[in-house]
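**Student:** Below are the sequence and a predicted model; questions follow.
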Amino acid sequence: MSDPMEKSPLAIFREYCDRGELAYQTADNKPFFYPRLAAPGTGSTDLEWKVSSGLGTVYATTTLFPRGADPYDVSLIDLDEGFRMMSRVDGIDALEVQVGMRVKVRMVPGTEDEAPYPVFDVAEDA
Amino acid sequence: MSKIRGNAAIVGTAESDLGAVAPDMSPVDLMAQGTVRALDDCGLSLSDVDGIFVAASQSRMAALSLCEYLGVNPKFFDSTQIGGSSFMAHLTHAQAAIDAGLCETVVVAYGSTQRTIGRATASAREPNPYEDPYKPMMPPSAYALAASRHMHEFGTTRKQLAEVAVAARNWAKLNPKSFMTDDLTVDDVLNARMISHPLTVRDCCLVTDGGGAIVVTTPERAKDLKQKPVYILGTGEAITHAMISQMPDLTTSGTAISGPIAFERAGVTPADIDVLALYDAFTINVILFLEDLGYCKKGEGGAFVEGGRIGPGGELAVNTSGGGLSYCHPGMYGLLVLIEAARQIQGVCGERQQDNVNLTLAHGNGGVLSSQCTVILGSEDTL
């Protein structure tokens, strides 16, 4: 008899986001992101959800210059727990975002049209 | 050395119409046009073809479309789709299939009308809940991220990136089929419209229509055809990620895996190669690939390309066609990378032809530095 999973990894991730938490997973104490049903490299299904401290470092950064709109940042963030994600550093001029900058997560609340998602603010003393 | 080294040869190559093609031309029109031209190039006919290898972003089941259009029922077909390096993978798979006796004469084809219909329509992005909220412009933003990391770790400069674009433009001036041949300086690249910092529009490949085809067959059959056979000596493939946030190290591509495999299978070293054809979707690609293939140490690629070293008259001939940056970039450009690498061995490159070319390397890149495939080609003398 089939026994389908009740929630997708994405749905669980978004439930954490709704609570203002940045979630990631571990398998054998090894962190990974994005959320999956099986651990990359091993295929282990013995997975644990954890909540990140939200502190991280900018690993790589770019500023986009769309025609007729303001420039904005897209960065890859290395979280202190040892996983990497794409996000945006807010609150400063996009071209001021630097590799190596310390940042802290902030959740953008969901709306009718868009799910909640994490962005980052500068946290130089963290 | 691989036991299938030199067991198959490229015998015919052809570009389809390039640049901006006629209105309402379809990608399959261009694939077919390339196919008949490539067959004509070597003196074979459609009835000789028993294998079809094809991939395209505008044709979800490209083998079905091309086989129907051509009216062929091949014994072997393969639509491996890993982005712009798909055709290097096709060549590997064709080599294996020919060696196994599953087919004898194959066509590898591609076509795109992305300039005519718009890039967003030609390669629609799959929804991605972990990237879409941040609105990256893909693929340029992914390569910009890699460039930012390279600049941070190794002090690579925007001027060094620009040197790659200038070298490509200078080569393009020697190729009558090039899309852009105006003078281009390092300052022009730096001052061009910024797309995704640190990459300006001149650090990014062209957006053109185009396509073409390659005919591959057995060494026995290759001997008495119209063109000099170009033997497939060794190939290597690597996939490291799909999303740029999943790339293990943004300064080292899967080329560091595919390159050594190809060199080992071919039994040659980087220093033996006469001409390089590297998939230059963005200027940072060439720097990464020169490092990962072993032409300089990791982090020294920026300095390596300075002073016109990879341009016409430079120390190392890289992207003699003018590359995706200045010659032609119809979306999945890898097929045209292979064509230039083969033609340099055939000695048919006109003004840009290099002297005494016996070994060339064609390197394909797909996705966002995601798939990397290296092909080493050789003349009869290298067998």
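**Tutor:** Structure received.
**Student:** give me the element residue B:335 is part of.
**Tutor:** Under the criterion of DSSP states H and E, residue B:335 resides in helix B:334-346.
**Student:** For that helix, name the packing helices and strands.
**Tutor:** Using 3 or more C-beta pairs under 8 Å, 6 or more residues apart in numbering or on different chains; DSSP states H and E, the elements in contact with helix B:334-346 are strand B:9-15, helix B:86-99, strand B:106-112, strand B:210-217, strand B:230-239, strand B:275-278, strand B:359-366, strand B:371-378. C-beta: built from backbone N, CA, C; applies to glycine.
**Student:** nearest to chain A, of the ones you listed?
**Tutor:** strand B:230-239 (12.9 Å; C-beta to the nearest C-beta).
**Student:** Is any residue of stretch B:230-249 near chain A?
**Tutor:** Yes. Stretch B:230-249 comes into contact with chain A (C-beta under 8 Å from any C-beta of the partner chain), by way of B:243, B:244, B:245, B:246.
**Student:** Would you mind measuring from the residue nearest to residue B:200 when sequence neighbours are not counted to chain A?
**Tutor:** Take residue B:200 and drop its neighbours on the chain: the residue closest to it by C-beta to C-beta, 6 or more residues apart in numbering or on different chains is residue B:192, 3.9 Å away. When distance is defined by C-beta to the nearest C-beta, to the nearest Å, residue B:192 is 11 Å away from chain A.
**Student:** so how far is the lengthiest strand in chain A off the chain centroid?
**Tutor:** For chain A, the longest strand by residue count, based on DSSP state E, is strand A:55-64. In terms of C-alpha atoms, centre = their mean, to the nearest Å, the centre of strand A:55-64 is found 12 Å from the chain centre.
**Student:** Against which helices or strands is it packed?
**Tutor:** strand A:72-79, strand A:102-108, helix B:140-154, strand B:194-196.
**Student:** Return the residues of chain A in contact with chain B.
**Tutor:** Residues of chain A lying near chain B (C-beta under 8 Å from any C-beta): A:10, A:33-34, A:59-66, A:71-72, A:74-76, A:84-88, A:95, A:99-100, A:108, A:114-115, A:117.
**Student:** quick revisit: what's near enough to touch the residue nearest to residue B:200?
**Tutor:** Applying C-beta atoms under 8 Å, 6 or more residues apart in numbering or on different chains, we find residue B:192 in contact with B:200, B:201, B:202, B:203.
**Student:** circling back to that earlier point, from the residues of chain A next to chain B, which would you call buried?
**Tutor:** A:33-34, A:59-65, A:72, A:74-76, A:84-88, A:99, A:115, A:117 (16 or more other C-beta atoms under 10 Å in any protein chain shown).
**Student:** hmm, which two among the contacts of residue B:192 are most spread apart?
**Tutor:** B:201 and B:203 (7.4 Å; C-beta to C-beta).
**Student:** mind checking the end-to-end distance for stretch A:110-126?
**Tutor:** 27 Å (C-alpha to C-alpha, to the nearest Å).
**Student:** tell me the mean pLDDT for it?
**Tutor:** The predicted model assigns stretch A:110-126 a mean pLDDT of 92.
**Student:** And for stretch A:14-32?
**Tutor:** Computed over stretch A:14-32, the average pLDDT equals 97.
**Student:** Same question for stretch B:290-299.
**Tutor:** 98.
**Student:** Dump the helices and strands packed on strand A:55-64 to TSV, plus distance to residue B:64.
**Tutor:** Shown next, in TSV, are the helices and strands packed on strand A:55-64 (distance: least, C-beta to C-beta, whole Å):
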stretch	distance to residue B:64
strand A:72-79	37
strand A:102-108	43
helix B:140-154	30
strand B:194-196	35
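**Student:** Which one, of the ones you listed, ends up nearest to residue B:309?
**Tutor:** Using C-beta to C-beta, the nearest of the helices and strands packed on strand A:55-64 to residue B:309 is helix B:140-154, at 17.1 Å.
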